[in-house]
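# Got a predicted structure plus its sequence, pasted below:
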Amino acid sequence: MSRSPKTASTVAAGFTLVEIMVVVSVIAILTAIAIPFFGRALEQSQANVAAANLRAIWAAQRWWWLENSTYTSNLQTDLANNGLIEPQIATATTPYQYSVVLTDSNTFTATATRTLSPTWSGSFTIDQTGQVGGSISALNQSPIQAAFQ
């Protein structure tokens, strides 16, 4: 049995340059569409963490009030050092910085302010009633609110 020689009609394996360029173009278009959505999803998740941290501050403030009949404005000394909140919350500077302002011994407002972002700004708040409010926003984007209130 002899083998026949290869003819011109035999198909070569591999991809043409045009096929590769089409695939690269499709990937580039999909990436250009997905990146803004990914950035917004990342910002939403950070906002949800900030709201959860505000809830932790609220719970710690309630505990502090039960023990001392007053709220505190010192996150680090009173709440973190006594194990009522995680120390990372009290000392955080990015992506949110947390603070507490007392109106009197029976009312407070805790704030999570968005920091060090070139595009996003704003803050979330929680008061002694446990109501989370506020939003963050960026130019040409709809505001982001915490996923739970």
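Received it, and whenever you're ready, just let me know what you need.
# which residues in this protein form helices?
Using DSSP state H, the helices of the chain run over residues 17-68, 87-91.
# Any chance of JSON lines for those, columns mean neighbour count, mean pLDDT and distance to Thr107?
No exception for glycine: its C-beta is placed from N, CA and C like everyone else's. Below are these laid out as JSON lines (neighbours: other C-beta atoms under 10 Å; pLDDT from 0 to 100; distance: least, C-beta to C-beta, whole Å):
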{"stretch": "helix 17-68", "mean neighbour count": "14", "mean pLDDT": "93", "distance to Thr107": "10"}
{"stretch": "helix 87-91", "mean neighbour count": "16", "mean pLDDT": "94", "distance to Thr107": "20"}
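# next one: stretch 43-61 to chain centre, how far?
11 Å (C-alpha atoms, centre = their mean, to the nearest Å).
# Quick one: residues in contact with that stretch.
For stretch 43-61, contacts defined as C-beta atoms under 8 Å, 6 or more residues apart in numbering pick out 71-72, 75, 79, 84-86, 89, 92, 95-96, 98, 100, 108, 110, 112, 114, 120, 124-126, 128, 130, 132, 136, 138, 144-148.
# Just the buried ones out of these, please.
Buried residues within the contacts of stretch 43-61, defined by neighbour count using 16 or more other C-beta atoms under 10 Å: 71-72, 75, 79, 84-85, 89, 92, 95-96, 98, 100, 108, 110, 112, 114, 120, 124, 126, 128, 132, 136, 138, 144-146.
# who's in contact with Thr91?
Residues in contact with Thr91 (C-beta under 8 Å, 6+ apart) are 76, 80.
# switch the cut-off to 7 Å
Gln76 (C-beta atoms under 7 Å, 6 or more residues apart in numbering).
# How about Val132?
Val132 makes contacts with 51, 54, 124, 126, 146, 149, as judged by C-beta under 7 Å, 6+ apart.
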